[in-house]
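Visitor: here is a sequence together with a model predicted from it:
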Amino acid sequence: MATMQGVRLPGNSTVEHVTAEVPEPGPGQVLLRMRGSSICGSDIRAIYREHLGHGAEAYQGVIAGHEPCGEVVDVGPGARRLGIGDRVVVYHIAGCGVCDECRRGYAVGCHSSFRAAHGWQRDGGHAEFMLAEEASCLLLPEPLTFVDGALVSCGFGTAYEGLLRAQASGLDRLLVTGLGPVGLATAMLGRAMGATTVIGMDPSAPRVHLAERLGLVDVGVGDPEALADAVAETTSGLGCEVAIDCSGSAAAREVALRHTRGWGRCVFVGEGGTVSFAVSDLLIHKQISLHGSWVTSLLHMEQLLERLVRWDLHPEAVVTHRYALSEAAEAYRVADAGEAGKVCIVWED
Ligand SMILES: [Zn+2]
Ligand SMILES: [Zn+2]
């Protein structure tokens, strides 16, 4: 039986290297040779530091990594679309396929006991090979790279969905609070969708500098006072038509709402925690639409892949650190420090 190297996350900010059998694809499944497997904020928040999750975020001791991208090396019986050699992005949650959420393409919202997310309840991308459902795989178009694909499988998909929810367009100025990987993605895609001005806020100076250096934001600031000045200057004090919080912090959520223009749209994408705000002042009297948005759908992820090609954008621009699987401990340490752009485990040719 062939074996492969993989990584589990036992908690306590550690990684565990394991040897596992290379799985065989069953009906409707494909075996992927992994090429990119990026680290997500939710891996850090709910698994790496300690196993906090329950329900959809319950980590069941599987091979970690829910942002997988690779190459088909074997197909199970009855494959309908994919063949050996195809490059694919994996929508990282396999649902039951027959509930309302699954039929909408949002397997992330599936409540069935058949639902399983890679890296949470079924083996993920931090291994040389990964078993995936053919129905969860999307073809990765040229000239997108495997690292581009890994980033789309969760973070860029999530950012795109938040922007779709806000109906962001060339009519809008965009505020992004939190310039971690999802915030950077939101800024990049928001501009591609037409936002005429992009303002970003993050307490981490390296992240603000990264956003500015990549040209993703017109103005980058580090705190709410500087943001108030920036919004006053760039929008004549009116606020941004669209604001998206990618931080999950209570203060940043409040600030995002505060600087959403009257009749504008605000989206909470950053996970966890709570928020309290003056409902009449910040929401009702400003006639604001406030949305929650969680991951994305299969269809929107496929659209995004196509549009990235047309926009000539490469998500991997936000990757600041690349590691081999054998260096996973260092990769997680860097991702946990909260100063980096995206951290990705890669398999070079
Ligand atoms: Zn993720
Ligand atoms: Zn379902």
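Guide: Okay, I see it. Residues are numbered from 1 along each chain as shown. Ligands and ions are numbered 1, 2, ... in the order given.
Visitor: ok, residues contacting the host helix or strand of residue 244?
Guide: Element membership for residue 244 (DSSP states H and E) is strand 240-245. Contacts to strand 240-245, defined as CB atoms under 8 Å, 6 or more residues apart in numbering, come from residues 162-163, 166, 168, 171-178, 186, 190, 195, 197, 199, 231, 252-253, 256-257, 259-261, 264-270. Just so you know, the C-beta spots here come from the backbone N, C-alpha and C atoms, and that holds for glycine as well.
Visitor: then stretch 48-59?
Guide: So stretch 48-59 is contacted by 9, 11-13, 15, 42, 45-47, 108, 115, 117, 120-121, 332, 335-336 (CB under 8 Å, 6+ apart).
Visitor: repeat that for stretch 156-165.
Guide: The list of residues contacting stretch 156-165 from outside it, by CB under 8 Å, 6+ apart, reads 91, 182-183, 185-186, 188-190, 193, 242, 244, 246, 265, 267, 269, 291, 293-297, 300-301, 304, 315.
Visitor: circling back: just the contacts of stretch 48-59: which are in helices?
Guide: Among the contacts of stretch 48-59, the members falling in helices (DSSP state H) are 42, 332, 335, 336.
Visitor: nearest to ligand 1 among those residues?
Guide: Of all the ones in helices among the contacts of stretch 48-59, ligand 1 sits closest to residue 42, with 5.1 Å by CB to the ion.
Visitor: what's the distance between the closest one and residue 251?
Guide: Here residue 42 is placed at a distance of 20 Å from residue 251 (CB to CB, to the nearest Å).
Visitor: ok, now residue 332?
Guide: When residue 332 is compared with residue 251 (using CB to CB), they lie 26 Å apart.
Visitor: more neighbours, those two?
Guide: Set residue 332 next to residue 251 and count neighbours by other CB atoms under 10 Å: residue 332 wins out with 26 against 13.
Visitor: contacting residues around that one?
Guide: Residue 332 makes contacts with 9, 13, 15, 39, 43, 44, 48, 343, as judged by CB under 8 Å, 6+ apart.
Visitor: neighbours around the closest residue to ligand 1 within the stretch 1-150 of the chain, how many?
Guide: The nearest approach of the stretch 1-150 of the chain to ligand 1 comes at residue 40, 2.8 Å away (CB to the ion). In terms of burial, residue 40 registers 26 neighbours under the definition other CB under 10 Å.
Visitor: which pLDDT does the model give it?
Guide: Each residue has a pLDDT score; the one for residue 40 is 95.
Visitor: show me what secondary structure element comes after the strand or helix carrying residue 70.
Guide: When elements are defined using DSSP H and E, residue 70 is found to belong to strand 68-75. Moving toward the C-terminus from strand 68-75, the first helix or strand encountered (DSSP H and E) is strand 87-90.
Visitor: is stretch 112-126 up against ligand 1 anywhere?
Guide: No - Stretch 112-126 stays out of contact with ligand 1 when judged by CB under 5 Å from the ion, the minimum separation being 8.3 Å.
Visitor: list the buried residues for that stretch?
Guide: Within stretch 112-126, the residues that qualify as buried are 115, 116, 117, 118, 119, 120, 121, 122, 123, 124, 125, 126, counting by 16 or more other CB atoms under 10 Å.
Visitor: thought the fourth one was touching residue 131?
Guide: Looking back up the chat, that one is residue 118. No - taking CB atoms under 8 Å as the definition, residue 118 is not a contact partner of residue 131, at 9.2 Å.
Visitor: in the stretch 151-300 of the chain, what residue lies closest to ligand 1?
Guide: Counting by CB to the ion, the stretch 151-300 of the chain gets nearest to ligand 1 through residue 154 (3.1 Å).
Visitor: which residues touch that residue?
Guide: Residue 154 is in contact with 38, 40, 66, 67, 92, 295, counting by CB under 8 Å, 6+ apart.
Visitor: can you add distance to residue 104 and give these back as TSV?
Guide: Supplementary listing: those in TSV, determined by distance: CB to CB, whole Å:
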residue	distance to residue 104
38	25
40	22
66	20
67	22
92	17
295	12
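Visitor: which of these are buried?
Guide: Applying 16+ other CB under 10 Å to the contacts of residue 154, the neighbour count classes 38, 40, 66, 67, 92, 295 as buried.
Visitor: pull the helix or strand with minimum mean pLDDT from the chain.
Guide: helix 41-43 (a mean of 93; mean pLDDT, DSSP states H and E).
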